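**Q** can't give you the sequence, but here's the structure:
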């Protein structure tokens, strides 16, 4: 049986723009039903989730108030809040479904800090949009009054942007290893983890940044020596010439082929590109490792080799 790190994309937690707690718990239950198949098959799971819609809603609600007595929380704090929120939905859904099958298994969410470098180039070019949309006038006013960076977001309006540094290590890695070693299902590294660095006094300090969930999942997979990195997203397979007349579905991709396609600009930044890059990084570390990219509905079939795109070493 395999040790699997599952990276859940936003579509695995919310659909059709529905954002109520009940709506998102319902989607979490749908996703959990696929993950339960992997657990009942005997696989060991660690789950990493995205938090884009959820952290956006947290910031949107706080921005709507934002008074001296109730100020908007920093991005790292909002990230921690979203880890608890989504972790609760996932562990609740998993536990209920496993107990219906008469399976007792420890399940827990770990508020996870991820070490980054304060010298990461990303801090010189904030690019990750978060929170509500503003008019250009509103955004530029906020930039002056609050000292934030704002950018226009794909013609939809202006938003606050924050850096997206690369993860270096997972602070709670020892705890995660102990839990997995004792048979637990762990939800960790939610939203890419809370970005932290060591200050001049050697203390961990949070940063206004967002780590890409796929890169954090890859780092977790390396850390626990996983066999498979399973990235679940909105599509069943990686494709080239996406949405073009000559679109092609890929079922297998070697590291060399992946580098060639990346150089050709085949994968969209912020979408499929980080998933393929995370997969390449993972399988390059050991010949027996495999990364699989597919949709939540095809998760169990993908592990059986019957669906999805497999990224393998050369």
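**A** Received, thanks. These numbers were taken from a predicted model, which means no experiment stands behind them.
**Q** at which residues are the strands of the stretch 101-250 of the chain located?
**A** With strands called from DSSP state E, counting those that start in this stretch, the stretch 101-250 of the chain shows them at 107-109, 113-115, 128-134, 149-152, 158-162, 169-170, 185-187, 194-198, 204-206, 228-232, 238-240, 248-250.
**Q** give me the contacts around the fourth one.
**A** Right, strand 149-152. 126-127, 129, 134, 136, 139-140, 142-143, 158-162 (CB atoms under 8 Å, 6 or more residues apart in numbering). (C-beta placed from N, C-alpha, C; glycine too.)
**Q** then the fifth one?
**A** Taking contacts as CB under 8 Å, 6+ apart, the residues outside strand 158-162 that touch it are 59, 75, 126-136, 138-140, 142, 148-153, 208-210.
**Q** for the closest residue to residue 232 other than its chain neighbours, what are phi and psi?
**A** Nearest residue to residue 232, sequence neighbours excluded (CB to CB, 6 or more residues apart in numbering): residue 296, at 4.6 Å. Per-residue torsions, residue 296: phi -60, psi -40 (degrees, to the nearest 10).
**Q** low-confidence ranges in the stretch 201-314 of the chain?
**A** Regions of the stretch 201-314 of the chain meeting the criterion pLDDT under 70 are absent.
**Q** where do the helices sit along it?
**A** Assigned by DSSP state H, counting those that start in this stretch, the stretch 201-314 of the chain shows helices spanning 213-223, 255-263, 272-284, 299-303.
**Q** and the longest one, what does it pack onto?
**A** Helices and strands touching helix 272-284, by 3 or more CB pairs under 8 Å, 6 or more residues apart in numbering; DSSP states H and E, are helix 213-223, strand 228-232, strand 238-240, helix 255-263, strand 290-294, strand 309-312.
**Q** out of the ones you listed, flag the one nearest residue 9.
**A** Proximity to residue 9 (CB to CB) singles out strand 228-232 among the helices and strands packed on helix 272-284, at 5.9 Å.
**Q** what lines up beside the closest one in the sheet?
**A** strand 3-8 (parallel), strand 290-294 (parallel) (DSSP bridges).
**Q** so which of those strands gets nearest residue 69?
**A** strand 3-8 (35.8 Å).
**Q** whichever helix or strand comes after that closest one to strand 3-8, inter-axis angle?
**A** Per DSSP states H and E, the first helix or strand lying C-terminal to strand 3-8 is helix 21-40. Angle, helix 21-40 to strand 3-8, by axes from the mean of the first three to the mean of the last three CA atoms, to 10 degrees: 160 degrees.
**Q** and the lengthiest helix in the chain, what does it pack onto?
**A** Longest helix in the chain, counting residues (DSSP state H): helix 75-100. Counting contacts by 3+ CB pairs under 8 Å, 6+ apart, helix 75-100 packs against helix 21-40, strand 44-49, helix 52-65, strand 107-109, strand 185-187, strand 194-198.
**Q** could I get the contacting residues of the residue nearest the centre of the chain?
**A** For the chain, residue 213 is the residue whose C-alpha lies nearest the centre (CA atoms, centre = their mean; 2.6 Å). Taking CB under 8 Å, 6+ apart, we find residue 213 in contact with 7, 9, 48, 49, 50, 51, 189, 191, 192.
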